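*Asks:* The following block contains a protein sequence and its predicted model.
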Amino acid sequence: MGPRLDLLGKRRRRVAGVFLKRLTIKGFKSFADQAVLDVEPGITVVVGPNGSGKSNVVDAVTWVLGAQAPSAVRSQKMDDVIFAGTAERPALDRAEVSLTIDNEIRLLPVDLAEITITRTLLRTGESEYSLNGASCRLLDIQELLSDASVGRQQHVIISQGQIDAVLNAHAEERRMIIEDAAGILKYRKRREKAERRLRSTEVDLDRLGDLQREVRRQLRPLEHQAEAARRHGDLVGELSSLRRHHKATELATLRGRAREEAALRAELAGIESGSRTTLEGFADQITSAEAELAAGGDDLGDRLLRYESLRERGRGIRGVLVERLRGIERDREAFVSQQMVLGLEADKTRAEAELAGLESESESLAPESERLALAETGLAADRAAFEVTWAEGVVSLGTHAAEARGELGVLRATLAQASTESDGLAGRLALLEAETGRLDAAAADLRHQLSEGETAEQPLVEALTQIEQRLHAAAMQRNAVWERLATAEADVRTVRARAEALALALDEARSRAGVAHLSGIEGVLGTLLDLVEVDEGYEAAFAAAAGEALDAVVVEDVERAVQALDALREGRLHAAVLSLVAGAGRTTVPPVGRSVREHVRARTPEVDRLLDRLLAPAAIVDANAAVEAAMAHPDAVFVTLEGDRFGPSGWRIGGDRGGATGAALAEAESSLTVAEDERADARRQLDEAERQTSDLEDEVVRHTRQLDVHDGRFTAAAEALQRLQAERRDVVNEAEGLRTRIGVLEARLRDERSRVADLETRLPDLEDAESEAMESGRRMAEQRRDLEERSAELSGRRTAHEVRVADLTARRNLLLARVTEYSSRLDELNDERQQADQRRSELDLQAAATRHLVEALDVRMSVADGRLDELREQRRRQSERVRAVAARLDGLRRERSDAERSLADARERLNRLEVDRAETRLRLENLTESIHSEFGCEPDAIMDAPGPDLPDGVTATVRITELERELELMGPVNPLALEEYDTLRERHEFLVSQLEDIRNTRRDLRKVIRSIDDEIASVFAEAFAEVSTYFTDLFDTLFPGGTGRLHLTDPDNLLETGIEVEAKPSGKNVRKLSLLSGGERSLTALAFLFAVFRSRPSPFYVMDEVEAALDDVNLHRFLGLVRQFRNDAQLLIVSHQKRTMEAADCLFGVTMAPGGSSRVVSERVAVDRVAEDVVALVAS
């Protein structure tokens, strides 16, 4: 970082509204190292030699405040602002400028005492803005600064050349300066935005208008189709509602019947279940009784047998030894066994007899079974004959008659309605035909007006075309003059820059040569560069060939040379001296290359001889052959056009000397004079071209307004004609639709009248057929009832017969089981008897051994006899109980027969009920399927369907027939017409609303534009009035006794009027700015700018060498003006003028070492020495 010192010139004070506080520059243009300028209140002056970079300080302020055009910072492209490097320092990759703003009084709407704006640019093209280190947008900075009257055009910064630009600008461009200062640009931007929106809405309005007309054209014919579709839909909806209601009623009836049948089935099932339970109870009781009957004597018989066996065994034991006793015992035993056999045989015989009786009873049932089979066969045949006879049921001729009566009533009502409708359509058609005639007459009148308008427009168009052609030619001429002026301006700038560069180079050469120290010595002719002229392109070769002599001072003779050397030695300067009469050197020309001497000429013969000595050994060769030539001729000097030198003293590549010579400088100054004359001539021609163009533009505007008025009338008539034509098309289309509708109605009336006549003819026959059908239905019902009664009777007989057969079968099976049991028991007893005989033989052998036990056994046997008597009595009582059980068994069997008959009856009723339920289910299934297929929903969904409102005396069936007939008569309709019509109508309504919205938007935009125009006019008028007043006052201050004023080019048009400047200094009778001197022009421009500053004050102003063209008197006046602004604003001035430095409150010096970069230097010094010390410091 370079040194940074604060130099306080006079006094440190706080100025109200101090704004700039610190400027930090790094890598920007010539500032390679960081440079910091702590700006003081009041007037700050930046000084420095040419080329040191002091104007770059102004460019840095311009750049950090958001300048976007490279020309605003005197560059070809934006990355030129990055330090490009020197011979001693490399180029940098970024440029950064920070500007710190003092905001203690909160002039800016930010609650911060200091605000630092930073802009950074990288060589890669990336750019960034930041506020207090936080990244932001350029727009944020511009909006922030706009609150401090720093506009986007940065009118507070006056750079080099802007003074002339203010005076040379067009009147409209001067207006922009005031608009920028007054903050009108934001209104302009807002107005442009509103105008763009207005233009875009005009396109939308035209497009929506076309769309609306097209939709309206499609809407009319579609409306009739939609009406038919709506009528058809209403009829279909009513028919569907009626069918739903009818189906729902039928469904409710069938479901009610199904519920009744289900309840009855449940009741019969209960009866059947109860009967089965009762039968099962009877079966158990009967089985129990039979078991009790079968086992009634088993227990006592066994005990009797046991006691008798014991007695007989006692007897056997007793007579074991006595064979007679054993025989008696066996006889006794055999007697008892025979008893049992006889009893079993008797039971078997009874069972067989009962079985035979059952077989006989079963045989007696066979005829009944045959009779039942024959009866059932006859019943089946009769039922089949009934089904064949009445398979198709009774022909529903009665329904045909009812349908005919219903259709006849509907047709009569329809005929009346259609007749009324036809009369109404005919009346409407007559009105439309009359409307068509009126529209044709109005359209013919409008066509006549359009024809007259076209005839009247042609002269206006031809006149406008001629004026526009003349305007185009004038504009082309003006553009050509503009181009010529721009070229002349560029030539002036180029030639001036070349002249300044040549003068600077010669000054530097003179300074190096010490010409200033030799000014008092006679015979000093100047430097060699002042005395020669070099051909273009050979400057570098000449500089290389001349070597050190290029910076030498040429003197007339040796004596002057000695004096010059002494003076240089006294001044401690390192310089060279050439004498015109010095000894002649070698003049041998090198054998290769071209002579340098041929391209260098002197102004005097003496200098020619000097050049012969200096340049004779030098030759120009190509760079590729230079080394080879130097090696071949080491005593010669070889140079290239690029400035390379190859000689005995060494080889050197390139050089830093340009083509600055005295002759070149004189030629540049002469060229500058010619270029300035050319520029002045171009400006005069441009003023004349501008005047002609302005006059022609006024004529174009006048003719255009006339054409606009005519076009407005023509357009209004054309639009009215289009509306009439569109309305006529609508009327014609509606009339055609009415004619078609009337034709359809007439055809429909003819068909319906024919149908009415046909129905009236057929109705008597249909009513007779209806009576016959009712009689056939009665006969069919009687036959069906007879068949059902016969079927019920046979079913009862069949059930009773099957019960008797089942009872006989059960009894037969029981008796067969008993017979089988008895036979098995008898076989067992026979085996036992055979075994007893064998035992008798054995007992006889043992009788003798057991005789002595007889007495002991007698006692026991007596006891056994007593017990036997008791058992026999019990056996008697048991027999009585068995008889009672048998009687009870017979009763149970009778009751079981009754229960079986009841069960058969319940089953018969259940069978009939199942048939009815099956029929109900089938009808429900068919009805459900019909609901599914017709309505696409579940049956429950239509149960809540409301019943339709029917006319008195009209049933749902009749109304359904009427609706079906009406739908048939309507024929096919476009089902999508209603939807398309609704969609198109909604689109039409939407387009209408959009059109209204756009019209409202356009009205609002026009109001906004008028409001903005009023605001612009008001603000501009106020600002211009203030600027004009201040300009007159400031002009009087800068030109005492003179008069200056501002006036508007078009006072009636405050939105576009330009601003002209009139200046008449004291003692002069000129008003054109071009006739003023350079200083007067500068002061006039400054008066205008400072008037703007005073009207719309800004916290700071930056000026770059604006007083360069002022003489002492004018400079004094300018500084007086600056001092007036010292207490109101902060001023940063770049200047060369010493008096400007003396007026400063703070001075900064900018210097640049050879091969280095710009740096800021300053020092605290006394007031009366500030300017001299700063100048000396910068120069060192």
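*Replies:* Happy to help now that I have it.
*Asks:* Strands of the stretch 401-550 of the chain, residue ranges please.
*Replies:* Ranges of strands in the stretch 401-550 of the chain, per DSSP state E, counting those that start in this stretch, are 524-527, 532-534.
*Asks:* ok, of these, where does mean pLDDT dip lowest?
*Replies:* In terms of average pLDDT, strand 524-527 trails the rest of the strands of the stretch 401-550 of the chain, at a mean of 71.
*Asks:* Please name the strands paired to it in the sheet, noting orientation.
*Replies:* The pairing partners recorded for strand 524-527 under DSSP bridges are strand 553-555 (antiparallel).
*Asks:* mind putting the strands of the stretch 401-550 of the chain in a markdown table, distance to Ser98 and mean neighbour count included?
*Replies:* All C-beta spots, glycine's among them, are computed from the backbone N, C-alpha and C. Listed next are the strands of the stretch 401-550 of the chain as a markdown table, based on distance: least, Cβ to Cβ, whole Å; neighbours: other Cβ atoms under 10 Å:
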| stretch | distance to Ser98 | mean neighbour count |
| --- | --- | --- |
| strand 524-527 | 45 | 21 |
| strand 532-534 | 47 | 21 |
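*Asks:* Show me the domain layout of this protein.
*Replies:* For the chain, automatic domain parsing gives the domain ranges 1-154+1098-1180, 536-658.
*Asks:* out of those, nearest to Glu746?
*Replies:* Set against Glu746 and scored by Cβ to Cβ, the domains of the chain come closest in domain 1-154+1098-1180, at 75.6 Å.
*Asks:* How far does that closest one sit from its chain's centre?
*Replies:* How far domain 1-154+1098-1180 lies from its chain's middle: 49 Å, per Cα atoms, centre = their mean, to the nearest Å.
*Asks:* Identify the residue nearest Ala1021 in space, chain neighbours excluded?
*Replies:* Leu1054 (5.8 Å; Cβ to Cβ, 6 or more residues apart in numbering).
*Asks:* From Ala1017, how far off is that neighbour?
*Replies:* Going from Leu1054 to Ala1017 by Cβ to Cβ, to the nearest Å gives 4 Å.
*Asks:* Equivalent analysis for Ile1133, please.
*Replies:* Distance, Ile1133 to Ala1017, by Cβ to Cβ: 35 Å.
*Asks:* next one: Leu924
*Replies:* Here Leu924 is placed at a distance of 89 Å from Ala1017 (Cβ to Cβ).
*Asks:* so Pro367 is in which element?
*Replies:* If you go by DSSP states H and E, Pro367 is part of helix 323-389.
*Asks:* contacts for stretch 1081-1089?
*Replies:* Residues outside stretch 1081-1089 that contact it (Cβ atoms under 8 Å, 6 or more residues apart in numbering) are 155, 158, 163-164, 166-167, 174, 177, 1027, 1031, 1034-1035, 1038-1039, 1044, 1046, 1061, 1063, 1073, 1076, 1106-1107, 1109-1110, 1114, 1117-1118, 1121.
*Asks:* Using CSV, write out every CA atom in it.
*Replies:* Backbone C-alpha positions of stretch 1081-1089 (Å, rounded to 0.1, in the frame of the first residue of the first chain) are rendered in CSV as follows:
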residue,chain,number,x,y,z
ARG,A,1081,-18.5,28.5,-23.3
SER,A,1082,-17.0,26.7,-20.3
LEU,A,1083,-18.4,29.3,-17.9
THR,A,1084,-21.8,29.1,-19.5
ALA,A,1085,-21.8,25.3,-19.2
LEU,A,1086,-20.7,25.6,-15.6
ALA,A,1087,-23.4,28.1,-14.9
PHE,A,1088,-26.0,25.7,-16.3
LEU,A,1089,-24.7,22.7,-14.3
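*Asks:* so how far is it off the chain centroid?
*Replies:* 57 Å.
*Asks:* just stretch 163-179 next, same as before
*Replies:* 48 Å.
*Asks:* what comes up buried for it?
*Replies:* Buried residues in stretch 163-179, counted by 16 or more other Cβ atoms under 10 Å: Ile163, Val166, Leu167, Asn168, Ala169, Ala171, Arg174, Arg175, Met176, Ile177, Ile178, Glu179.
*Asks:* Narrow the contacts of stretch 1081-1089 to those that are buried.
*Replies:* 155, 158, 163, 166-167, 174, 177, 1027, 1031, 1034-1035, 1038-1039, 1044, 1046, 1061, 1063, 1073, 1076, 1106-1107, 1109-1110, 1114, 1117-1118, 1121.
*Asks:* Among those, which lie within helices?
*Replies:* Among those, DSSP state H puts 163, 166-167, 174, 177, 1027, 1031, 1034-1035, 1038, 1114, 1117-1118, 1121 in helices.
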